[in-house]
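Asker: quick one: sequence and predicted model below, then my questions.
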There are 2 protein chains.
Amino acid sequence: MGLVLLRYGELALKGKNRSEFVRRLRRNIRACLKAHNLDGQVTSVGQRIYVQTDQPDQALEPLSRVFGLTSLSPVVQVPREIDAIIKECVRQAKEAGVKPGTSFRVRSRRVDKTFPYISPEIDRLAGEAILQELGGKVDLSSEADVTIGVEVTREGALVFSRVIPALGGLPIGTEGRVVALISGGIDSPVAAWMMMKRGCNVIPLHFSSNEVETSKALDNIQVLSRYSYGWELRPIVLNHHEIISPVIEELRAIGQARWACIFCKRTLLQKASEIAEEFGAHALVMGDALGQVASQTLANMEVISYGIPKPILRPLIGLDKTEIIAIAQKIGTFDISIRDEAGCPFLPPNPITRASVAQLKEILKQLGYVEPLS
Amino acid sequence: MGLVLLRYGELALKGKNRSEFVRRLRRNIRACLKAHNLDGQVTSVGQRIYVQTDQPDQALEPLSRVFGLTSLSPVVQVPREIDAIIKECVRQAKEAGVKPGTSFRVRSRRVDKTFPYISPEIDRLAGEAILQELGGKVDLSSEADVTIGVEVTREGALVFSRVIPALGGLPIGTEGRVVALISGGIDSPVAAWMMMKRGCNVIPLHFSSNEVETSKALDNIQVLSRYSYGWELRPIVLNHHEIISPVIEELRAIGQARWACIFCKRTLLQKASEIAEEFGAHALVMGDALGQVASQTLANMEVISYGIPKPILRPLIGLDKTEIIAIAQKIGTFDISIRDEAGCPFLPPNPITRASVAQLKEILKQLGYVEPLS
């Protein structure tokens, strides 16, 4: 039987939000264990969560993908007695390879302040024992080769030598639903991932125009599922051509084919808003960035967004392409996104790059639509 | 006279955008030098920009804050002859402290392919000379203590030992204007900075409700100015109470004081949209995040955004508070933002946390407004 200690961020947790945060986090941790066929008991004590499981080593990697956690450590629990603590520190130091030439430190924390030794004393006593038995040299900085951690709780003392970083964020389910438009490209899966990280239940929406791009989008949604414990990502796939063709034909009829991309995106966002309304989602998520292609201008963004009922979240709008690619590589969507590419059959030879709302209104009038905003 | 070599990212630069990017970048570099009373000649050759200046050491730090640049190096130019290159490599290696025990490498690049020595030969010859004169050991990895760089151009050879990282992004002025709402808090200056980084001309807008918050906002705009070479940040300051009081009174009159925050934000965004229209800006920028306070919900975001004519860019929406704070510290706004805080006098005791558009429409009707969207 092994024990894993899970840490979560507290900075953003004010008042009432906190209990909901921890409740969701526990639930998502259970979902993670279940998804990987791992048994495990999840409990929370104070500002820590514990997972007791037969397979702690198998659990570490999946658990590191549960949003809301900041780090995890496999721990050994010993009685809350100074001798037992020292002995376990020495054992783990040895296991972690401390020998003459290795730098190490012991860092302890009393969660239970009634324990008779204060933290610096525990650090010193355990440190001396390690020095005596294994050699090495003490280095109190974060540069030390090995750090042995101790947490003294009411039930016992926990000793660990590994801290595995997790992803931070908020537990999925604490912030509600969003509809994320997922294409076959690099950006949109990253945008969806970032909103999942901020606690959103993502409803993935893909407008399918060909098999190449659709298979990339669906594969990426599969990858995103690995981060969505506690909320199943069920892709909604709609036929792009069916939705877009009539609009393009109308535009061609009035000689405004240059507006194809603008109207395409507007139509997809309108459709996405309807789906959001149907599924109780409060916002749309897009992978919009600035300056990647000629038509990705603020002017076009204004015209595309104009009158769309749901707010559009663009978590990548402040990032460089290099930063977006780095996230895509980290989360595992990049290689899928750069597979073969299929172009859009509706792309006009000279798409408009600096649209204006006044022009949009004019065209909408020509097409017989009522203006979306007064 | 000293020479500084400036590098910029190319990833996002496709076709036509590139010449505009470089032109703006050069202009902003000149503005940076001028702002710091540094003389300097700015030229670009191939994929590099050069600054020739009397005070290269003073120029490095300001230049590292010009968006669009990825790194800079003070360089020494020598004739494009192998002996001169080797001699300068040895001199700089000595200056950089190479001695027995130091690891080093030489990395050269032929911009001009007619130079008779290929890069690996230059690396080897210069490396051997350094070994012979100074000792040390060759380490071809990025772990080397000292890296000497060589670029052979048509005009001469450039040798350098320092690479100072810059901020990346796009040159300010390439993406157009946005109105950024700046409060006295941590988030909004970071949001504005991120859009500056993505090439936007930011028009800072502050709604002043008290001196404490207004002085923080204006001080932070001063800090942001250090990144806005080529575009002057001219804050627009409007009286918050004058704009908001009538709305709050109307809400109180119909017993809907709980909606104060929602209507306050809607009113400010309407006002900001008008200002954006007046100044030719295509979008608004807000520091919105999720889950920081009870009222920061997706439901409220939907209702606040509903019918606002300009798109709202929220570059922090996918970030954790720890990530936002790290940026605020890096750019220098954090310490200002956490000075004394002044609360809002209009804050209702129990602000609404899950507003709906249907309720909004109902209240707008009661207040006698025409619906903003059909």
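Answerer: Sure thing, it's come through. Residues are numbered from 1 along each chain as shown, chains lettered A, B, ... in the order given.
Asker: which residues sit against stretch A:328-343?
Answerer: A:184-186, A:189-190, A:193, A:209-213, A:216, A:219-220, A:223-224, A:226-227, A:325 (Cβ atoms under 8 Å, 6 or more residues apart in numbering or on different chains). All C-beta atoms are positioned from the backbone trio N, CA, C, and that covers glycine.
Asker: buried sites along that stretch?
Answerer: The neighbour-count check on stretch A:328-343 (16 or more other Cβ atoms under 10 Å in any protein chain shown) flags A:328, A:331-334, A:336-337 as buried.
Asker: ditto for stretch A:308-324
Answerer: Buried residues in stretch A:308-324 (16+ other Cβ under 10 Å): A:308-321, A:324.
Asker: and it, end to end?
Answerer: Stretch A:308-324 has an end-to-end distance of 26 Å (criterion: Cα to Cα, to the nearest Å).
Asker: again with stretch A:28-41
Answerer: Using Cα to Cα, the end-to-end distance of stretch A:28-41 comes out at 13 Å.
Asker: buried ones in that stretch?
Answerer: The neighbour-count check on stretch A:28-41 (16+ other Cβ under 10 Å) flags A:28-33, A:38, A:40 as buried.
Asker: by proximity to chain B, which residue of the stretch 151-300 of chain A wins?
Answerer: Nearest residue of the stretch 151-300 of chain A to chain B, counting by Cβ to the nearest Cβ: residue A:194, 3.1 Å away.
Asker: show me which residues of the stretch 251-374 of chain A are close to chain B?
Answerer: Residues of the stretch 251-374 of chain A lying close to chain B (Cβ under 8 Å from any Cβ of the partner chain) are A:282-283, A:289-294, A:297-299, A:301-302, A:305-307, A:309-323, A:357, A:370, A:372-374.
Asker: quick one: residues contacting the residue positioned nearest the centre of chain A.
Answerer: Taking Cα atoms, centre = their mean, the centroid of chain A lies closest to residue A:197, which sits 3.1 Å from it. Counting by Cβ under 8 Å, 6+ apart, residue A:197 makes contact with A:67, A:167-170, A:227, B:318, B:320.
Asker: ok, residue A:346 next?
Answerer: Listed by Cβ under 8 Å, 6+ apart, the contact set of residue A:346 reads A:244, A:248, A:260-261, A:264.
Asker: please report how far it lies from residue A:166.
Answerer: Separation of residue A:346 from residue A:166 (Cβ to Cβ, to the nearest Å) stands at 43 Å.
Asker: likewise for residue A:369?
Answerer: Distance, residue A:369 to residue A:166, using Cβ to Cβ: 48 Å.
Asker: likewise residue A:95?
Answerer: Separation of residue A:95 from residue A:166 (Cβ to Cβ): 23 Å.
Asker: and those two? Which one has more around it.
Answerer: Higher neighbour count among residue A:95 and residue A:166: residue A:166, with 21 against 10, using other Cβ atoms under 10 Å in any protein chain shown.
Asker: the more buried one contacts residue A:72, correct?
Answerer: Yes: in this structure, residue A:166 is within contact of residue A:72 by Cβ atoms under 8 Å, at 6.0 Å.
Asker: any chance of the contacts of residue A:346 in JSON lines, plus neighbour count, pLDDT and secondary structure?
Answerer: What follows is the contacts of residue A:346, written out as JSON lines (neighbours: other Cβ atoms under 10 Å in any protein chain shown; pLDDT from 0 to 100; DSSP: H, G, I helix; E, B strand; the rest coil):
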{"residue": "A:244", "neighbour count": "22", "pLDDT": "93", "secondary structure": "helix"}
{"residue": "A:248", "neighbour count": "19", "pLDDT": "93", "secondary structure": "helix"}
{"residue": "A:260", "neighbour count": "20", "pLDDT": "93", "secondary structure": "helix"}
{"residue": "A:261", "neighbour count": "20", "pLDDT": "92", "secondary structure": "helix"}
{"residue": "A:264", "neighbour count": "22", "pLDDT": "94", "secondary structure": "helix"}
